[in-house]
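Sequence and predicted model, in that order:
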Amino acid sequence: MEKQSNFCGLVILKDMETEEEKILKEDEKNIFYEQQQALRNVFEKLDMSKVAFVGGIADYINLRDYYDMPVNDLDIIYEDEAVLSPIQEEDGITRFYSRFYNKGKEVLVSEYFVNNRNVHTDYYKRVFSEIRLTQSPLLGQMVWHATFNEMKEFHNTQIPEVTSQVMGHKYEWKRLYKHSKKASLYNNVCYLQEKQLLQTLKK
């Protein structure tokens, strides 16, 4: 029985490794090269147990099983600014004030240059216990990120917040379009899952 248990354990481990390899290949295929290098720079310099991805990276991870999701800038949340020290020392960080998601609060921005292009990473201070987070593989690295439901709720609630009526002269149609599109993708996945569940219950 002990030998059989060990054998089964090896089979399960092999299957897990195969799945991780599959995801890695998909990530390398679907994420732009420059963004891959920027992500690996973050993996190398930061303690990934103390930061989490939100924004486009979280959307990519949550929806990559359903859609081809582009990745542009990186959005990271942290609780203690000290964790960003390696980025500050080697890449540099600039402080800005966000007009949108931090509502006047500070956002830290770093740039990573590759192939004569730069990839921006925005860092937002957050209380992790107030955000639903989970772990998933990304380019072979386990990372924390906002959950499917967290990002679905974020995009849906942002739509009325960024309309021309609310934003006035600060209105940006691209921002409204982005949140509307992302919300529709999340909502569509939920709809299809619920539809499949209803079909299963009817059988």
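It's in.

State the distance from the residue nearest to residue 158 when sequence neighbours are not counted to residue 85.
Computed as CB to CB, 6 or more residues apart in numbering, the closest residue to residue 158 that is not its neighbour in sequence is residue 179, at 4.4 Å. Backbone N, C-alpha and C define where each C-beta goes, glycine included. To residue 85, residue 179 is 32 Å away according to CB to CB, to the nearest Å.

Those two: who's more crowded?
More crowded of residue 179 and residue 85, by other CB atoms under 10 Å: residue 179, with 19 against 13.

I figured that one hits residue 155, correct?
Yes: contact criterion CB atoms under 8 Å: residue 179 and residue 155 qualify, at 4.9 Å.

thinking again about what came up before, tell me which residues touch the residue nearest to residue 158, please.
155, 158, 159, 162 (CB atoms under 8 Å, 6 or more residues apart in numbering).

Let me have the residues you listed in a markdown table, adding secondary structure as columns.
Below are the contacts of residue 179 laid out as a markdown table (DSSP: H, G, I helix; E, B strand; the rest coil):
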| residue | secondary structure |
| --- | --- |
| 155 | helix |
| 158 | helix |
| 159 | helix |
| 162 | coil |
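
Tell me the buried residues in stretch 66-78?
Using 16 or more other CB atoms under 10 Å as the test for burial, stretch 66-78 gives 69, 71, 73, 74, 75, 76, 77, 78.

Ok, stretch 59-67 next?
59, 60, 61, 62, 63, 64.

quick one on the thing from earlier: quick one: which helix or strand includes the residue nearest to residue 158?
helix 173-202 (DSSP states H and E).

tell me how far that helix is from the chain's mean position?
Mean-position distance between helix 173-202 and its chain equals 18 Å (CA atoms, centre = their mean, to the nearest Å).

Please, where are all the helices along this structure?
Applying DSSP state H to the chain gives helices spanning 2-30, 33-45, 55-63, 85-90, 148-158, 164-167, 173-202.

Now do the same contact list for the spatially most central residue of the chain.
In the chain, the centroid-proximal residue (CA atoms, centre = their mean) is residue 58; its distance is 1.8 Å. Residue 58 makes contacts with 75, 145, 146, 150, 151, as judged by CB under 8 Å, 6+ apart.

okay, and for the chain, where does confidence drop off?
Low-confidence segments of the chain, defined by pLDDT under 70: 1-17, 99-104, 198, 200-203.
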